[in-house]
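1. the sequence and its predicted three-dimensional model are supplied below.
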Amino acid sequence: MNYLLLLLSTLAAAAKGIMCKKIGSDTENKKRMFLYNGVIFFTASLVILISLSSRLGEIAGLSRYSFLLALAFAFFLLFTQTTEILAMNFGSVSLTMLIYSCGFLIPIFYGSIFLSESISAFQITGLGILIVSMVLIISPKKGEKISFPWLIFSALAMLGSGTNAVIQKIHQASEYKTELMPFLFWALFFSSIFSFIACFLTRGGTSERESAKSSALATVIFLLLGGVCVGVLNILNLHLAGKIPAVVQFPTYSIGSIIITGLAGKFIFRETLSTKKLVGFGIGCIAITIIALL
């Protein structure tokens, strides 16, 4: 059963990446982008709320410590998803997902510096391989121009993802670690509030009418499904933590979602990558696996 849930988690992570690409491709209006994010995060918070329906007292009784961390986590959730969407607006979904996934390096370094966790020689080797991968991906060939907005937003999304992981690590190292699900609910809920506030403060209109009612309905369904994916993804990852060997879980979840989004980029969004970037993509997947497992 856990392996079926792992497959669902991998598909949900890939769906989230595809969702970000779709929003980035279709939404030039930043006001609408924040509105979409607000709907997605609010729907995700409702998914968490439903999962806690028999424990609603835990949500209301969240400690001040977890509450403040949830506020910080909410800010970086919005920051990460916004920069990921913007990155995919300027570049490839597969390469963006690869760089975004490198955010897990930040909690590794945090654990080494502040929690005295060791970094193995294999992880250092993997980091070196990852650098080679990034050089192949980022360095333009002759006559090709690098998209600096894509590079900047991808890096920011990676930093945001890593910061979120550090916040979760801090929370789980505290005496309030049993409050993780209520913590997650408030984080997603406040992310939606921050998104709606950003939408209200952002200049520009969202008054353009859809070409047909069906397209408006399709957008609503898309956003609701996206929110369900985000909520389910978080619940599954929490459930699977420690229940499946890392040697199986990490490659399946991380590399699997990267490959699925890469295939979606090729067949859905008609993206093409040069041979050098494809090689860099493959090397990057291998490097991430080495760093995570060894």
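-> Yep, that arrived. Numbering: from 1, shown residues only.
2. CA atoms for contacts and neighbours, from now on please.
-> OK.
3. check residue 227 and give its pLDDT.
-> On pLDDT, residue 227 comes in at 95.
4. that one touches residue 48, doesn't it?
-> No - using Cα atoms under 8 Å, residue 227 is not in contact with residue 48; the gap is 10.6 Å.
5. which one's more surrounded, these two?
-> Comparing residue 227 with residue 48 by other Cα atoms under 10 Å, the one with more neighbours is residue 227, at 26 against 23.
6. where's that one, which helix or strand?
-> Using DSSP states H and E, residue 227 falls within helix 213-240.
7. do residue 14 as well
-> With DSSP H and E as the test, residue 14 turns up in helix 2-26.
8. other residues contacting that helix?
-> Outside helix 2-26, the residues within contact range by Cα atoms under 8 Å, 6 or more residues apart in numbering are 33, 81, 84-89, 93, 97, 226, 229-230, 232-233, 236-237, 240, 243-244, 249, 252-254, 256-258, 260-261, 264.
9. of the residues you listed, which belong to strands?
-> Within those, no residue falls in strands by DSSP state E.
10. give the phi and psi angles for residue 52, as a check.
-> The phi/psi pair for residue 52 (degrees, to the nearest 10) reads phi -100, psi 20.
11. do you know how far it is from residue 203?
-> Going from residue 52 to residue 203 by Cα to Cα, to the nearest Å gives 37 Å.
12. which one of the two has more residues nearby?
-> For residue 52 versus residue 203, neighbours defined as other Cα under 10 Å are more numerous around residue 52 (16 against 11).
13. residue contacts, the more buried one?
-> Contact analysis of residue 52 by Cα under 8 Å, 6+ apart lists residue 181.
14. where does it land on pLDDT?
-> 89.
15. could you do residue 190 as well?
-> We have a pLDDT of 97 for residue 190.
16. now do residue 241
-> pLDDT, read off for residue 241, is 65.
17. and for residue 30?
-> 84.
18. swap in the one 4 residues further on?
-> As summarised for this prediction, residue 34 has a pLDDT of 93.
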